[in-house]
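> with the input below, show me the fold.
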Amino acid sequence: MSIGAHAAGAASASAGDDAADQSVVSVQTVRVQRAVIAQPVRAYGIVAASASNLTTVNLPYVARIAQMRVQAGQSVTRGTPLFVVQADPAAVLAATQAKSAVTLAQGELARTQSLYDKGLATQSQLATARKAAEDAQQALAAQNQTGVAGGNKIIAAPIDGVVLQVSAAQGDQVQPGAAILQLAGGNGKDARANVMLSVEPSDIPAIHAGDTVTLHGLSTTLAKTAADGHVVLVGASVDQQSQLVNVGANVPLGQSAFIPGTRVSADIATRSGTHWVVPRAAVLKDDKGAYVFQITPQNKARRVAVVTQVENGDRYGVDGPIDGAEGLVVSGNYELKDGMAVRAAGGAPR
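The predicted structure is shown next:
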């Protein structure tokens, strides 16, 4: 063979190698796995906006506030002393008289029963004595229910919460049923809504009681503060003023900065489930539907049809015959076709 022919053959071989290199697509891949993923629904609202979350503390009798032990904005736990009262003397007297009336009525019943047994009292007289004893017992039970007691009595918090409003001051005389203070509950040990959120009506079908809720502050100071809870009620109608639907959440706030009245945003985790969690960039679509590419051990592109179940930011939750042992293409996938040879960026196939 001549030198010229040898040179031409070498050049032809070099061109063939270049063509082979050009048919190999350079891609970037990541490992993929199944995990729990949810689709967030954004909502806005306020802490302790629900009337069902408020507890009004009052007394069923006239009393004087001897000492107020809490102030508005203070967090309390169930059993914490709120204030000390002194019952009105007339209320204490009524309670004492109720006890005396029971003793008297029971004594009269015993005497009438004895006379009846001896034939000295009629059945009607015995029935009247029994009725009087029963009425006295009921009156005493009603007095006991009010909790009237002589001297000072400590009134404790019936729930965990925050003192939202104090309506009476030390030395005030309060009437039966008058509000003394108001508690905003829902710090995690009850199941009532302590956060009310507003949601677009189109998002409501996806929201259910028990869905996870993550609160975020709207103010600059709370921008990086978050608290987790769950949905406890989903509204069934559109609010006429806001044209949104109300969703109630219970979020354990404890000593957090989310005090009653705080404006918040929230992410409600809907459609939570276990799927293949893939980057958004990995999912392509054509007339056959959504698909991804994986790289086989032979460094070939394998097209895999998937169904997108959840969208969460830059991630998708998808279902399909994905192989967790094969790399998932996230860059260069637009150039691929099923069966194409590939290599990872940098030279080594992955």
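
> domains of the protein?
According to automatic domain parsing, the chain comprises the domains 24-36+274-344, 40-51+188-273, 60-88+150-185, 89-146.

> mean neighbour count and mean pLDDT for those domains - can I get that in CSV?
C-beta coordinates here come from the backbone N, C-alpha and C atoms, glycine included. Listed next are those as CSV, based on neighbours: other C-beta atoms under 10 Å; pLDDT from 0 to 100:
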stretch, mean neighbour count, mean pLDDT
domain 24-36+274-344, 16, 93
domain 40-51+188-273, 17, 85
domain 60-88+150-185, 17, 86
domain 89-146, 14, 82
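
> please enumerate the strands of the stretch 201-350 of the chain.
Using DSSP state E, counting those that start in this stretch, the strands of the stretch 201-350 of the chain run over 212-217, 226-238, 245-250, 263-279, 284-286, 289-295, 301-305, 307-312, 315-319, 327-331, 342-344.

> now distance to Ile204 too, for those, in CSV please.
CSV is the format used below for those (distance: least, C-beta to C-beta, whole Å):
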stretch, distance to Ile204
strand 212-217, 14
strand 226-238, 7
strand 245-250, 5
strand 263-279, 10
strand 284-286, 28
strand 289-295, 26
strand 301-305, 31
strand 307-312, 18
strand 315-319, 21
strand 327-331, 34
strand 342-344, 45
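
> just so I know, which of these lies nearest Val41?
Val41 sits nearest to strand 263-279 of all the strands of the stretch 201-350 of the chain, at 4.5 Å, using C-beta to C-beta.

> extract the C-alpha set from that closest one and format it as PDB.
Coordinates of the C-alpha atoms in strand 263-279 are reproduced here as PDB (Å, rounded to 0.1, in the frame of the first residue of the first chain):
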ATOM      1  CA  ARG A 263     -51.600  37.600  60.000                       C
ATOM      2  CA  VAL A 264     -50.100  34.500  58.400                       C
ATOM      3  CA  SER A 265     -49.700  32.600  55.200                       C
ATOM      4  CA  ALA A 266     -50.000  28.800  55.200                       C
ATOM      5  CA  ASP A 267     -49.100  25.900  53.000                       C
ATOM      6  CA  ILE A 268     -51.700  23.100  53.200                       C
ATOM      7  CA  ALA A 269     -50.200  19.700  52.100                       C
ATOM      8  CA  THR A 270     -52.900  18.100  49.900                       C
ATOM      9  CA  ARG A 271     -52.900  14.800  48.000                       C
ATOM     10  CA  SER A 272     -50.100  13.500  50.100                       C
ATOM     11  CA  GLY A 273     -48.800  10.100  49.000                       C
ATOM     12  CA  THR A 274     -45.800   8.000  48.100                       C
ATOM     13  CA  HIS A 275     -44.500   8.400  44.600                       C
ATOM     14  CA  TRP A 276     -41.300   8.600  42.600                       C
ATOM     15  CA  VAL A 277     -39.900  12.100  43.500                       C
ATOM     16  CA  VAL A 278     -38.300  13.600  40.400                       C
ATOM     17  CA  PRO A 279     -37.000  17.000  39.500                       C
END
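
> and that strand, what other elements does it pack with?
Counting contacts by 3 or more C-beta pairs under 8 Å, 6 or more residues apart in numbering; DSSP states H and E, strand 263-279 is packed against strand 33-47, strand 195-199, strand 212-217, strand 245-250, strand 307-312, strand 315-319, strand 327-331.

> how far away is Trp29 from His275?
In this structure residue 29 is Thr, not Trp. Shown here: Thr29 relative to His275, a distance of 19 Å by C-beta to C-beta, to the nearest Å.

> no wait, Tyr116
Shown here: Tyr116 relative to His275, a distance of 82 Å by C-beta to C-beta.

> you'd agree Val62 is up against Pro89?
No: using C-beta atoms under 8 Å, Val62 is not in contact with Pro89; the gap is 9.3 Å.

> let me know which of the helices and strands packed on strand 263-279 is the nearest to Val174.
Evaluated over the helices and strands packed on strand 263-279, closeness to Val174 peaks at strand 33-47, with 28.3 Å, by C-beta to C-beta.

> how far does that closest one sit from its chain's centre?
Remark: strand 33-47 is offset 12 Å from the chain centroid, using C-alpha atoms, centre = their mean, to the nearest Å.

> same question, stretch 109-116
Going by C-alpha atoms, centre = their mean, where stretch 109-116 is centred and where its chain is centred differ by 63 Å.

> which residues touch it?
Counting by C-beta atoms under 8 Å, 6 or more residues apart in numbering, stretch 109-116 makes contact with Ala121, Thr122, Gln123, Gln125, Leu126, Thr128, Ala129, Arg130, Ala132, Ala133, all of which sit outside it.
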